[in-house]
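S.K.: Show me how the following folds:
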Amino acid sequence: MESLLIGSFQKSSSPLSFPLTADLCSLPTGFHHVTGHVLKCKAFGNLKRHCAVPTILRVQRSNSIHQHCKSIGQRSIKLNQRKNLKFIVNSASEHSIESEPSRSPSNALDAFYRFSRPHTVIGTALSIISVSLLAVQKSSDLSPLFFTGVLEAIVAALFMNIYIVGLNQISDIEIDKVNKPYLPLASGEYSVTTGVMIVTSFAILSFWLGWIVGSWPLFWALFISFILGTAYSINLPFFRWKRFAVVAAMCIFAVRAVIVQVAFYLHVQMYVYGRPAVLTKPVIFATAFMSFFSVVIALFKDIPDIVGDKIYGIQSFTVRLGQEKVFWICIALLEMAYAVAIFVGAKSTCTWSKWTTVIGHTLLGLLLWNRAKSIDLKSKASITAFYMFIWKLFYAEYLLIPLVR
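M.R.: You can find the predicted model right below:
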C-alpha cells in the first residue's frame, strides 16, 4: 500500500538538461507551455555533465536549428518559426496510464490528503463516534468492547469514504480542472490508473473489514453507501445521478442522514452490546436534524462549482436557480433545524441535557446568521470558505447530539 500511495505520484515538471554542444539557445521569450512537459535548453561553453533522460535526442545544426526527440505520440510542434526550431515532444495525455515518477513522502502524503477530501473524513469519523455514544446507557457500557466496535466501524467507513470521494474525482477530472484544480487528478499529480488503483484498494479493504467483523448493520451500511456512491458518480448509462439535482440530493441525504445515524447506532446496539434493535428518541432526533443538514450540504456544495457544472451540463439546483437563491434556501433550512433542536431540547426532562441543547443550538443558529450576512456571493473564495464553515457547524452538531436525552 505504501508503494501505491508514495511510489505512484507524479513529480512536478522541472527543466531538463541535455548533453548539447555550444550555441544551443533557450526557447524564445513568450513561449510558456507545451502540453505534457516544458522543455528548456540553455547554451553552455563545454558541457561535461551528462543526464540520463527517457528520450533520444538528435541535434542537427545547419542554417537553422532542429531538435528532435523520440517520445510517446511522436507529434511535431513548431516552437520558433524564425529559427525553424522543432521539437517532437511527449504528447501523452495529461492522465496517462503510465505510472508516475516517485515523489518524496511528504509530497505523497499531501497529495493523498487532498485526494481523500479531509473534511468528509472528519465528518464521517465524528458522526460514527457521536451516534455510537447514543447506544451508551450507563458508564460500564464504555468498555474495551465498545471502543473496539466503534474503531472497526470508523476504519471500515473511512475506507468506503475514500472510495466514494475518489471515484467522484475520477469521473469529474475535466470538471475539477475548472472547479477544483488543486485536486491530484485534476492537477495531473495522479494518473487515472493511480486513482483507480487507490479507490479499488480501499473499496476492497472496506468490504473485507466489514465482512470479518461480522456485524450486519455495519456491512449493510458499507454496501448501500457503495451502491449509492457509485451510482452518484460513475459515468455509465442510467447512472451518474449527480447530473440530476433531486436524485443527487437524495443520495447524499440517504447516506448522511439515514445510514450513518441508524446503521452505525444499530452496529453498537446489536453487535457490540447484543441488545434489541430499538430506535430511541435521541437517534430519531439525530436522524431528523441531519436530514436538514444533509440537504443543505447537497445543495451548498454546488454553489462554488457553478462555472464547471454549467460547462459540463450538471443540472444542479445552483445552475437552475442561481447562487443567491440556493444560498438563502440553505440558510433557511439550517435555521429551521436549529429552531426544531431548541424546541426538542426545551421539552427534555433531563435538566443538564435541556440547557446544553437549547444554549448550544441557539449559539450555533446566531453564529450562522451573523456569518451569512457578511458573505460575498460574487467571490468564489468567500463561498468556498462559507461551505467549509457549514462543515464546521456539522462537526459541532455531532458534539451536541450525544448530549440529547
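S.K.: Can you find the helix or strand in this structure with the smallest mean pLDDT?
M.R.: Within the chain, no helix or strand scores below strand 85-89, which has a mean of 34 by mean pLDDT, DSSP states H and E.
S.K.: same for the very next helix or strand once past that one, what does it pack against?
M.R.: Next helix or strand after strand 85-89 toward the C-terminus (DSSP states H and E): helix 105-115. Helix 105-115 is packed against helix 2-6, helix 144-171, helix 184-187, helix 192-213, with contacts defined by 3 or more CB pairs under 8 Å, 6 or more residues apart in numbering; DSSP states H and E. In this view, the C-beta of every residue, glycine as well, is placed from N, C-alpha and C.
S.K.: Can you tell me how far Val344 is from His361?
M.R.: 9 Å (CB to CB, to the nearest Å).
S.K.: Using PDB, write out every CA atom in stretch 364-383.
M.R.: Only the C-alpha atoms of stretch 364-383 are listed here, as PDB (Å, rounded to 0.1, in the frame of the first residue of the first chain):
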ATOM      1  CA  LEU A 364     -24.900  27.900  16.500                       C
ATOM      2  CA  GLY A 365     -28.000  29.500  14.900                       C
ATOM      3  CA  LEU A 366     -26.900  33.000  15.800                       C
ATOM      4  CA  LEU A 367     -23.300  32.300  14.500                       C
ATOM      5  CA  LEU A 368     -24.700  31.000  11.200                       C
ATOM      6  CA  TRP A 369     -26.900  34.100  10.700                       C
ATOM      7  CA  ASN A 370     -24.100  36.500  11.600                       C
ATOM      8  CA  ARG A 371     -21.700  34.800   9.100                       C
ATOM      9  CA  ALA A 372     -24.400  34.600   6.400                       C
ATOM     10  CA  LYS A 373     -24.900  38.400   6.400                       C
ATOM     11  CA  SER A 374     -21.200  39.000   5.600                       C
ATOM     12  CA  ILE A 375     -20.700  36.600   2.600                       C
ATOM     13  CA  ASP A 376     -19.800  37.900  -0.800                       C
ATOM     14  CA  LEU A 377     -21.700  35.700  -3.300                       C
ATOM     15  CA  LYS A 378     -19.600  37.200  -6.200                       C
ATOM     16  CA  SER A 379     -16.400  35.700  -4.700                       C
ATOM     17  CA  LYS A 380     -15.700  32.000  -5.100                       C
ATOM     18  CA  ALA A 381     -13.200  32.100  -2.300                       C
ATOM     19  CA  SER A 382     -15.800  33.600   0.100                       C
ATOM     20  CA  ILE A 383     -18.400  31.000  -0.900                       C
END
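S.K.: Return the set of buried residues in that stretch.
M.R.: Residues Leu364, Gly365, Leu368, Ala372, Ile375, Lys380, Ile383 are the ones in stretch 364-383 that count as buried (16 or more other CB atoms under 10 Å).
S.K.: Thanks a lot, catch you later.
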